Each structure stands twice: as structure tokens, then as C-alpha cells.
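Participant: Predicted model and sequence follow; I will ask about them next.
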Amino acid sequence: MREITYAEAVREALAEEMRRDPRVFIMGEDIGVYGGAFGVTLGLVDEFGPERVMDTPLSEAAIIGTAAGAAVVGMRPVAEIQFSDFLTIGADQLVNQAAKMRYMFGGKARVPMVVRTPAGSGTGAAAQHSQSLETWFMHIPGLKVLAPATPYDAKGLLKSAIRDDNPVVVFEHKLLYRTKGPVPEGDYTVPIGQAQVRRAGTDVTVIASSIMVLRSLEAADRLAEEGISVEVIDLRSLRPLDADTIVASVCKTGRAVVVHEANKFAGFGGEIVGTIVESEAFDFLDAPVVRLGGKDVPIPYNPQLERAAVPQAEDIVAACRRLMRESRRAAVRP
Amino acid sequence: MREITYAEAVREALAEEMRRDPRVFIMGEDIGVYGGAFGVTLGLVDEFGPERVMDTPLSEAAIIGTAAGAAVVGMRPVAEIQFSDFLTIGADQLVNQAAKMRYMFGGKARVPMVVRTPAGSGTGAAAQHSQSLETWFMHIPGLKVLAPATPYDAKGLLKSAIRDDNPVVVFEHKLLYRTKGPVPEGDYTVPIGQAQVRRAGTDVTVIASSIMVLRSLEAADRLAEEGISVEVIDLRSLRPLDADTIVASVCKTGRAVVVHEANKFAGFGGEIVGTIVESEAFDFLDAPVVRLGGKDVPIPYNPQLERAAVPQAEDIVAACRRLMRESRRAAVRP
Amino acid sequence: MADALAVQTERLGLAPERLVHMYRQMRRIRHFEEEVDRLYQAGRIWGTFHLYIGQEAVAVGAVEALEPDDYITSTHRGHGHSIAKGASIPLMMAELRGKETGYCRGRGGSMHIADVDAGNLGANGIVGGGIPIATGAALACRKMGLSRVVLCFFGDGAVAQGAFHEAVNFAAVFQLPVVYLCENNQYAMSMPVRRGLGNPDIAARAAAYGIPGKTVDGNDVLAVYAAVREAVDRARSGGGPTLLEARTYRWRGHSKSDANRYRTREEIEAWKQRCPIRRFEEQLVAAGVLSAADVERIAQEVREEIQAAIEFAEQQPDPDVSALAEGVYA
Amino acid sequence: MADALAVQTERLGLAPERLVHMYRQMRRIRHFEEEVDRLYQAGRIWGTFHLYIGQEAVAVGAVEALEPDDYITSTHRGHGHSIAKGASIPLMMAELRGKETGYCRGRGGSMHIADVDAGNLGANGIVGGGIPIATGAALACRKMGLSRVVLCFFGDGAVAQGAFHEAVNFAAVFQLPVVYLCENNQYAMSMPVRRGLGNPDIAARAAAYGIPGKTVDGNDVLAVYAAVREAVDRARSGGGPTLLEARTYRWRGHSKSDANRYRTREEIEAWKQRCPIRRFEEQLVAAGVLSAADVERIAQEVREEIQAAIEFAEQQPDPDVSALAEGVYA
Ligand SMILES: Cc1ncc(C[n+]2csc(CCOP(=O)(O)OP(=O)(O)O)c2C)c(N)n1
Ligand SMILES: Cc1ncc(C[n+]2csc(CCOP(=O)(O)OP(=O)(O)O)c2C)c(N)n1
Ligand SMILES: [Mg+2]
Ligand SMILES: [Mg+2]
């Protein structure tokens, strides 16, 4: 299959959905001739024109709120928030309006909108342009939250999001935009709510999403050389979360590492630990579930500090090794 | 000791701190002659005047942002956000500015500000006036987050927050304002970062905060009649979190129930489960840690639905009973 | 009809039946609110609500200027907007009672009454929260090639919100078919407009966005109708958004928690002297559009209608708690 | 001095030494930015930054109107503001290189350079994010009985942000000592002002808040000085906030990711013809304040100063990774 970049896959999903459904349009800051801060929408305005590829004023609350208003009366807007950090500016419209409208109105409204937004660190853009705020939006009933890790999923999940009748927030890690992978031409979708086992293994389950999937696979390769067999789960969909896939894997391996770039403290890794502990997998745990996440600091500018602020492949390797050691201790648990 | 209400305790803390330190002032919507939506600041403008009890325009982003700006140059503002749901409007100023300023500036700035805000359900105010968003702000390095459950702590923790050199968010549950308890006259503080064991027990540890502490104590009374001995921990401080007190208790009881009103999914209960599982307490767990939290719905208006949407004493009772049953199974764990 | 009114309504193209309809609508709102307050005092409505009493001319005059399939967005003080837009009073009453058959199946209550299919995009608990929604609906109307217009209600307090600013600028940039109608009832809760806004002349802000602005007497239903009609016609014909300010007054407390410490009895009384309903009634009677008997009959019919709605609501079932989670996702 | 300039500077109370200082400041900014760009191309600066080239007259003219202990808030395009406010170029360079001895210990980088003790409350990565901060600082100045004023820089794009609206209204309501200075460089990234704002006349928005507003030629350093000076004096004497708009132009791309697809070469060239530095230089030379030799000497001194700063930065230590978590909490 042909290989394209993650950014191209997102663009292709947008173009195909706009061709398929006249109700779909995209809106955001500098997404037209500029092509977006990361070039994701480059060229789309040429095919679809400024009415369907709308350059908006510099107003995140208005972008998200007008998307919600357009959705509730029948359009299917896809809004881009240039950096996910700026979701904080449109948070009321996303959380108090878009997410709750349907329920507050007695289940009688539909808000089919998507918010796409680049997230994460690694570009030296510092504390206000590098956050991972998925947990915030996972915590809000009425929203769906996606974090595709591959170009294939970037296209397939975005199409599912656009066709979904609910507000969906899609986090796209900046470092993924240039990664390449096989992506079918033409139409296909990836269902929302299904995790995928990216690598099968028997000793440890590593549960990851977005950029951390790539780092987990890298860690798994290294650990294989040491004879540690790692199963890597790509969550893909953060809300709804695919508990079954997680639990089945942990029942098999008896060991789990949860890794995300979002701050570890009060991050969604806790939800996954809780899900494992509440499940039958608890009885199969040979060692405590380990969480890896962002350190308790805003993302720093200096590249060494920035790298140290979030989990890297070597941290995942170390965590898995520790887990293998510890589980021997666990055998003699009181 | 004399008993006063939670609202009176908050008011007393504000008054005493304003008398003690001329840099302290309070600002917010309708906190002057109106006395605040819940009457917390009633009468303060009479003693301190409109310059220190500032009625602001209806602008949450400006309230939080100006508080941050005033703090960074030397004042100690205490801002009130009339309902915690409206933190979503000032989120950028709180999360991207106030919380990060010090770190972004190389540790060379101080932002001594407090944001007080009524939270939670139970008043029939529906989905946009009843949320519990503590988890959001716990997730942000640079912020401290408090959720006092008693009038004593409401006064003592607020004083600590006002004297703290960092941005502190204090969540005050609306249903607590009218509750009464012993509160010393005059000055005392409750340290930030220390949980308190509200009731000692040996069978199950219930970890709660805010209104859930009261419900947990009620549950503990009922369970005592059944011979189940419950230890109730009041977290009080959500960030920083007092892991030691939690872990020590769970090591003792071997069973834990975490309960908060915030939505269970991706809520901070997961952080507590993760903390327990990562600690030595893991080896003492006789049963899975149970999380109780808000259901996956926006808070509904109808009182029966609203009540069913968040944990009640009977849910805590049921969870503890289940845990006692289950732990027998745990004994025969593979 | 006495000349003054005749000339005016002639120009506005308002036939006598429509004048009577508008009068009845104002009475229905007034009486609905009085009964809601009574039911609350009697402990039969809970939660919170914000009474529209004193502002009836704004909702009725404004909505009368719309076509049936135009949209509105409403506010926390939204009962009057809903009724003016044609909401069923029994279903509103059922919602306030938290019943399964209410507009929001008892999930929303006073601050979230909506009827999207009928063009009411909802009351809103967030001050200013409906302004971007209205703007987006207007954007959609244009994209869908509909000639619909969106009427966006909000209060003077909302003008201080960032959402107001971002959304109005957005509509101005794209010349969207939306009419922003600010109900300046002199206070945002306890904050008087003169202290809450650097410039208390709200309509003057239109210039900041390069759109037309106009102030109107919000207690004169025909003046409101005329101003909104003009703005709606402009919006429908591609002329873009308008910012209107209707000056009026809230007779009752902001909500149940209000002790009215921030204003004087005299001020309230003075505004009551300018009751929009009595004023319109006097015009209609003087003009011979209504007789004293008509007035009494209408009052009686409205009383009976609302009484029936209260009884209807009383008999409706509560939501089934097992259905708590229904309606979160489509 | 040639009459024109003499009269003008006389009126402004600007002695020749200050004029020369202003000229030197503009050159320092220009050359600093050129070197930053070069270092980036050479792979020795990473992350992102936004060059101030073309706008030097705004920062220099505005800050010259302040007292040393007045405050400023800056933006993502903040190098010029920092230098004008008296920042140490070596420490700025060290920060851009991510060094431990940089202004932010390498934690902040270009978008967060700050020196609170010296009155620079920081660059800001959030467009409009500094406007409430500036407003709060002004509130504090008044509460602390200081006669300090806050100068708040922001771009034309920030005008569309809710934070701008909420904060300016807040300052107007409390009559705070803050000067809002919008640098209208014609574009917010790729969005031209005429398409991003319903009314492209930004200063005209002052009326919406009931405060004075004024537009000034942002490429004329003395005009900027005069306008800001007037606003600062008003603020200091209790006259409240002012909204100023300085019309200028960004010569370079918005940031490194910019291919300039949204504007023409001709437009850029036309603005380069109006170079604020050359213009001021010509005035000063014509007026005999500077000789051709002075100009060359200053250019040389600036080159050397910046070269030294680059070498200084080169030699500075990187932060110790073990100190990652330092400075989150006080
Ligand atoms: C964003 C936000 N801030 C504060 C509140 C609390 N609140 C509800 S209504 C109100 C006053 C609104 O005033 P106005 O917009 O003039 O409407 P009115 O009540 O006068 O009809 C306030 C402060 C809210 N609901 N939303
Ligand atoms: C709230 C927010 N939205 C979007 C961005 C991304 N962004 C950075 S600078 C910029 C353009 C700002 O334009 P303007 O305010 O005119 O300043 P200029 O770059 O022209 O100096 C944008 C869209 C941001 N940093 N913050
Ligand atoms: Mg009002
Ligand atoms: Mg600009």
C-alpha cells in the first residue's frame, strides 16, 4: 500500500469527507492559503474555496461556539484549534455548550462537530504550546476524544469523527505529522472506541496512545533482545475507552505499564489503572500497574529539559524491566 | 468551641486575612452589597470598602487574569468565580498564565493568588452550574487545589491558600455552605498537603473529599452497625496530595474505596488508585480498589435524577459491603 | 383606531389581530411568571429560575418580527423568549416541574428550555454562552442556502463577556444573518450597567464591529418590533448582523437569592409605572382595538390556560431514574 | 538641528542624547533579530520565534515614554519590547540558546522572556494573553499607591480575542493606569486586518469602552513616543486607560513556518521603503544630531555588542537536567 504522512492522511480525510458530504466544512485560523500552522490543510482551499475552508478571526471561543451552533442546526463543521493549549480559551463553548446541549435539551439535539488540534511537546515551543490536555476532555460526558498514532488511523478515525453525531475532539501529536505509514486511497473508516494491539507479547502489556505508541514499540524491540516479550496496545480512542482489549491483555501478561505524555498526576493513566484494578485482571496482576506520564512541570524550552519532561522509549524500557524484577517479589506477597 | 457555618468560616478567613495583610483583597461578581451568590462575602464591603471588596464586571477571564497580573507585581488577590463551571471561561488565564508564569520565567516570578469557587450538584441548578472540575486543575503543574469539607478547614485552608505564594484554587461545595461546625475565633491555619483521618477503622479505607466526606462518615456509621469498621480519610488538599496518609491506611485495612462527586471517568479517583497500586499498599490489598464517582452524564435538573448522578451515602455503604464480600474471593487469588 | 397607533401599525404592517396576539402573548408571559413564582413559594418548583416580569415587550416585539422558521437563542432569563417563540406552556411547566414530558425530559429545567425543531436553540446558563451558538446557527443558515435569520437574546451583563466580543466580530467579518438583541434591564445581577461597562451605551459598540447599532425603548412593544423588523429584514437580505439594545427593567429579584440590596424601592416603583403591558393595553383600548371587555376576557383566558398547564404538569410522570444516562450521546 | 525635528523634539522634551539612544535601540533590535535568524538557519537556535524587524519604532518610541519602574507586558513577537525595556542582550541570547543563565534559565525561550524585577512582565505565547495580566498589574499599582503605569503591547490579531475585550472593559470600569498599544502590522499570521476584524479601525474601538483612542504611524518613532507619552501621562495622573493603534509592518514571515503565501512581494517591498530606522536616521543626520560617521560607529558598536552576546551565550552552561522540576512552585 502507498505510504503517506500523518499530515497528508488528515488532509485526505478532510478532502474526502468534504467531497462526500456538502454539510462538512472546515474552519480555523490560517487554514486557508497558509495551510495551517503545520501545513495540514495546505491546498484544500484551492479545491473547496473559502466558504468550506474558512479562515476565521483569531477567536477560539467563537470558533468552537460557532461550530457548535452550526452543528446543532444541521451542518457538520470540523474546527481546527491551532494548538491544543488554546482549547482553554474555547473550553466553555466545548464543555458547557457543545458537550451538554443534547442532554440538557432532553436528548433532542445533535451536535455533529469535530475539533482537531495539534498537541504535545518536542518542538521547543515551550509551556503554552506543548501541553497534552486529553484528560480534561475525556472527563466530560458528551464528548468523544481520539488520539490516533498512525497515518492509517489519522485518516480512518477522523472520518468516523466527522460522521459521528456528537462533538469529537481529535488530538494530533505534532511529532506525528511527518511520520509515514500505509494509508489506503479512498474511503475507509476506523471505528471509534476500539483499541488495537500493535504488537503481541506475553510478559508485559504496555498501554499507550499517540506518540507514546511509537516509543512503546521502540521499547518493545529493545526489550525483545533481552527476552522480555511486550504486548503494545494503542488505545486510539480515549473516550470511549476500550476496556475489553486492555483487560484481556493484562489477564494474559499479568503486568501492565500505562504511558502517556500528559502529566502523570491526575492524568488519564489513572483511569486505565482503575479500569484494570476493577476488572478480573486484578486477580492476574503479578506486579503493580506502572504509570508513566509527563513530569510535574510545564513543558520547558531547552531541548534536554523538554525531552526529560515526558516519557521516552528508555523510560518505558526501564519500567518494563523493573516490572519483570518486581513481579518475582510479588510472588511472595503476604 | 463555638459553631459557625462553612460560609461564615470562609467569610471570617477573608476578613481576618484582609485585616492582617493590606495586600490581600477580594474580587468577583456580586461579592459586594449583594454578598455573593451564596452570601459568603455578605457584609465584607461594609468593613473593607469597594477597593478591597471589588465588584467586577461579568468577565471571568479578566477576573482571573487581572488577579494573576496583580499578584505578580505584589498584591495577594482572592478572586471568586461565582460557579466553578465558569472556570472554563478563565481557563487560559489560570492554566496558561497564572500556573506557568513562574516556571516559564525561570522560577523568577511569584503569583500569590487564590481562586475560590462554589462547586458541585444538589441544588437543581442543572448541567452548567453543578460540575466538579477539580481534576482539571489538579492536572496542571503550578496550581494547588483544595477542597475543604468542614467549616474548620474552610477557614484554616483558605488562610493557608492566601498566604501561599502560588496560585491556589479552592473548591467549596455549595451544599456545605450551610453546614455547621466548630471553628476557633481568630487566627489559625490548616497546612496545605495534609489529609486527615476523620474516623479510624480497620476493615475498609474510604478516601473522600468535600461533600463526600460527610457522606462517607454517614456510611461509616451505618456500616458500623453491621460490624464493618470503616476508616474515613478526608483528603482536604487535592494537589499536593497526601499519599502517605492514604497508603498507611490502606496498608492497615487492605481495602479501599475512593469516592468523589466529579465524574468517575478520567476523574482524580484514578490518581488515588494509581498511588495506592504503585505503593507498598499494593501488596496488602485484599480486594480491588473501588472507585465511586459521578455517572457519565451532565448533572440533570430533576432532583431524583440529580441525586442518582453522583455518589450518595448508600452507594458508599454498598461499595464497602461488596468489598468485604469480594475480599474473601481475593484470598483464593491464583 | 385612534390615529397615532393606526398610522404606526399601518406603517409596520401589523393588522389588529396581530396586535391583539402580541398583547395576549405579553399577558401569557406575565401570568406564567407570576405562577412560577407562586409555585416556587409553595415548594412545587425547585432549583433556580429568573423571572422575565417587566421585560415582556422585548421578547414579544422581537419574535413577532421573525418568520416561523427563524431561530432564536435565549438566556437564563428565558421563559419569555420561549413563550414568545411559541413554546407550549404545558410543556414548559412540565419541565419546570422536572417531569419526563417536559421540553427537556426534566433534564434541563428553567435554564435549558429548548425546542430546536421549533427554532428555539435554547436558554443558556452561561451568560453570553448563546452568542457564539447563535452566530454559528446563522453561519449554517447561510451555508445551507436558507433565508433564515437568527435572533440572539442576551443581557447587558453578557456584553462584558469575551464570547460576546468574539462572536459579534465573527458575524461582522462573515456578514452573517443574525440580530443581536441586548436586553438592557439596567443590572447584571447586582451590577448596574453604568458600573459594569466602560461605556454604558451598548448599541454604540456596534461601531467597534462595523455593524449597525440602535437603541430602542424595551417597554414599547411596537418600537421593539420595528427595530428588530428592520434588522431582520437587513439580515435576511444579506445585509449582515445588527446590534440592538432594548432598554427595559427587571421588576423582580435577579433570582430567588436576591434581596434587592443594590437598588431602591423607588427605582423599582418608577419602572413599574412604565409597565409595558399596561402601556400597550391603553394604546389598544384607546385605539378601539380592544374593549374593556376584551381585556377582561383575555385575562380570564390566560389565567385558565396557565391553570390548566399547571394541572397538566402536576399529572405528568417523573423521569425514570433508570433512564438517567439516556440522551448524552446521539 | 534642522527646524522641523528641532521644534518637534523640543516640544517632546527629547534632548539629542535621547534621540541618539532611541536610534541606537532601534539598531540593536534590528541587528539582534537578524542574528537570531542567522543562528536559527545555522541550527544553533531551535524552537520557534517571531522577528520584530520592521516594527522597531513602536517598541522604542513607546518604552521611551515610560519611567524606568513602569511595567510592560509583551507578546510572542517580544524581542524588540524586551530590548527597548532595557533587557540584557547577552541574557536574551543565552535564553534563546536555552542556557541556564538565560533570562528564564532556558525554561522559557523566545516566547517567555521576562524580567519581572526590571518591569518586563513577560512575552506571551497566548495571543492576547498578556492583556488581562497588564490590566491586573495596573490594578495593583493603584492599590499599592504607586504612580506606575503599565504599557501593554499586543498585535492586531489579539483584538479579536475575548481576553482583549474583557480586560480593556475592566480597565475602563476601574480607570486603571494602563496604556493598550496595538501593533497593527497588517496581519495576524496570514489573516489581514481587513478580513479579521469587522472594523479594521482598531483605535476606534476605544469608544466601545468609553476610553480615549488614537492611531499613530508606527514607523515614526517620534510619533509613537508622542502618542504613548500623552497616554502615559494621562494614566499616571489618574485619567485612566487609553487604546493606541500603531500602524506598522512585519517584514519577515510570521515565524519560521511562513511561506508568505498571503501577501505579495510588492507589498513587502513597499513597506521596506518606509523603514523606520532609515527614516529616523535620515531625520537625525539632516538635523545634524548624527553625522555619517556617528551612524557608522553606532552600527559597528551594535554589531560588536551582539557578536559578543552571541559568544557569551555560546559559552554558557546548559541547564542541569536534574534541575528540571525547579521553579514550578514558590
Ligand atoms: C459566564 C457566567 N458568569 C456568571 C454567571 C452568573 N450569573 C447568572 S445571570 C448573571 C447576571 C446576568 O446579567 P444580564 O446578562 O444583564 O442578564 P439579566 O439577568 O439581567 O437578565 C450572572 C452574573 C453566569 N451564569 N455565567
Ligand atoms: C490564543 C492564540 N491563538 C492562536 C495562536 C497562534 N498564533 C500565534 S501568533 C498568531 C498571530 C498573531 O497576530 P497578531 O496578534 O497580529 O501579532 P503579530 O504576529 O502580527 O505580531 C497566531 C494566530 C496563539 N499563539 N494564541
Ligand atoms: Mg441585565
Ligand atoms: Mg499582526
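Facilitator: On my side now, so go ahead. Ligands and ions are numbered 1, 2, ... in the order given.
Participant: Tell me the residue of chain C that sits nearest ligand 2?
Facilitator: C:Glu166 (10.7 Å; C-beta to the nearest ligand atom). To be clear about C-beta, it is placed using only N, CA and C from the backbone, and glycine gets the same treatment.
Participant: Strands along chain A, start to end?
Facilitator: A:3-5, A:24-28, A:53-55, A:76-80, A:114-119, A:144-146, A:168-173, A:180-182, A:196-199, A:204-208, A:230-234, A:237-239, A:256-263, A:290-294 (DSSP state E).
Participant: State the distance from A:Ile316 to ligand 3.
Facilitator: Separation of A:Ile316 from ligand 3 (C-beta to the ion, to the nearest Å): 55 Å.
Participant: Over to C:Thr48?
Facilitator: In terms of C-beta to the ion, C:Thr48 sits 16 Å off from ligand 3.
Participant: What of A:Lys252?
Facilitator: 61 Å.
Participant: give me the number of residues near the closest residue to chain C within the stretch 151-300 of chain A?
Facilitator: Per C-beta to the nearest C-beta, A:Asp165 is where the stretch 151-300 of chain A lies closest to chain C, at 3.6 Å. A:Asp165: 15 surrounding residues under other C-beta atoms under 10 Å in any protein chain shown.
Participant: for C:Gly13, same thing?
Facilitator: Neighbours of C:Gly13 under the rule other C-beta under 10 Å: 8.
Participant: residues contacting the residue of the stretch 151-300 of chain A closest to chain C?
Facilitator: Neighbouring residues of A:Asp165 by C-beta atoms under 8 Å, 6 or more residues apart in numbering or on different chains: A:110-112, C:329-330.
Participant: On the three-state scheme, the nearest residue to C:Ser110 once chain neighbours are set aside is what?
Facilitator: Spatial nearest neighbour of C:Ser110, chain neighbours left out: C:Phe49 (3.7 Å); criterion: C-beta to C-beta, 6 or more residues apart in numbering or on different chains. Three-state call for C:Phe49 (DSSP: H, G, I helix; E, B strand; the rest coil): coil.
Participant: C:Phe49 against C:Gly108, yeah?
Facilitator: No. Counting by C-beta atoms under 8 Å, C:Phe49 does not reach C:Gly108; the two are 11.8 Å apart.
Participant: Looking at those two now, which is surrounded by more residues?
Facilitator: Higher neighbour count among C:Phe49 and C:Gly108: C:Gly108, with 32 against 24, using other C-beta under 10 Å.
Participant: Could you measure from the more buried one over to A:Ala109?
Facilitator: According to C-beta to C-beta, to the nearest Å, C:Gly108 and A:Ala109 sit 11 Å apart.
Participant: Overlap of the contact sets of the two?
Facilitator: Shared contacts of C:Gly108 and A:Ala109, defined by C-beta under 8 Å, 6+ apart, comprise C:Ala114.
Participant: which stretches of the stretch 1-150 of chain C form helices?
Facilitator: Shown for the stretch 1-150 of chain C, the helices assigned by DSSP state H, counting those that start in this stretch span residues C:3-12, C:16-41, C:56-64, C:79-84, C:89-96, C:130-143.
Participant: In JSON lines, list these along with mean neighbour count and distance to chain B.
Facilitator: Output for these, formatted as JSON lines (neighbours: other C-beta atoms under 10 Å in any protein chain shown; distance: least, C-beta to the nearest C-beta, whole Å):
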{"stretch": "helix C:3-12", "mean neighbour count": "14", "distance to chain B": "34"}
{"stretch": "helix C:16-41", "mean neighbour count": "19", "distance to chain B": "11"}
{"stretch": "helix C:56-64", "mean neighbour count": "29", "distance to chain B": "19"}
{"stretch": "helix C:79-84", "mean neighbour count": "28", "distance to chain B": "15"}
{"stretch": "helix C:89-96", "mean neighbour count": "25", "distance to chain B": "8"}
{"stretch": "helix C:130-143", "mean neighbour count": "30", "distance to chain B": "11"}
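Participant: Of those helices, which is nearest ligand 4?
Facilitator: helix C:130-143 (23.2 Å; C-beta to the ion).
Participant: how many other residues sit next to residue 196?
Facilitator: Going with chain A. 18.
Participant: my bad, the chain I had in mind was chain C
Facilitator: The number of residues near C:Gly196, taken as other C-beta under 10 Å, comes to 24.
Participant: One more: C:Gln300?
Facilitator: Neighbour tally, C:Gln300, other C-beta under 10 Å: 10.
Participant: Look up how far C:Ala292 lies from it.
Facilitator: 13 Å.
Participant: So A:Leu87 sits against A:Ile81, correct?
Facilitator: Yes. Shown here, A:Leu87 and A:Ile81 form a contact pair, counting by C-beta under 8 Å, at 5.6 Å.
Participant: most centrally placed residue in the chain?
Facilitator: Reading this off chain A. Nearest residue to the geometric centre of chain A (C-alpha atoms, centre = their mean): A:Ala147, 1.5 Å.
Participant: oops, chain C please
Facilitator: C:His81 (3.0 Å).
Participant: give me the number of residues near the closest residue to chain D within chain A?
Facilitator: Taking C-beta to the nearest C-beta, chain D has its nearest neighbour within chain A at A:Gly124, 2.7 Å off. Using other C-beta under 10 Å, A:Gly124 has 21 other residues around it.
Participant: On the pLDDT front, check it for me.
Facilitator: We have a pLDDT of 97 for A:Gly124.
Participant: repeat for the one 3 residues further on
Facilitator: Model confidence at A:Ala127, expressed as pLDDT, equals 98.
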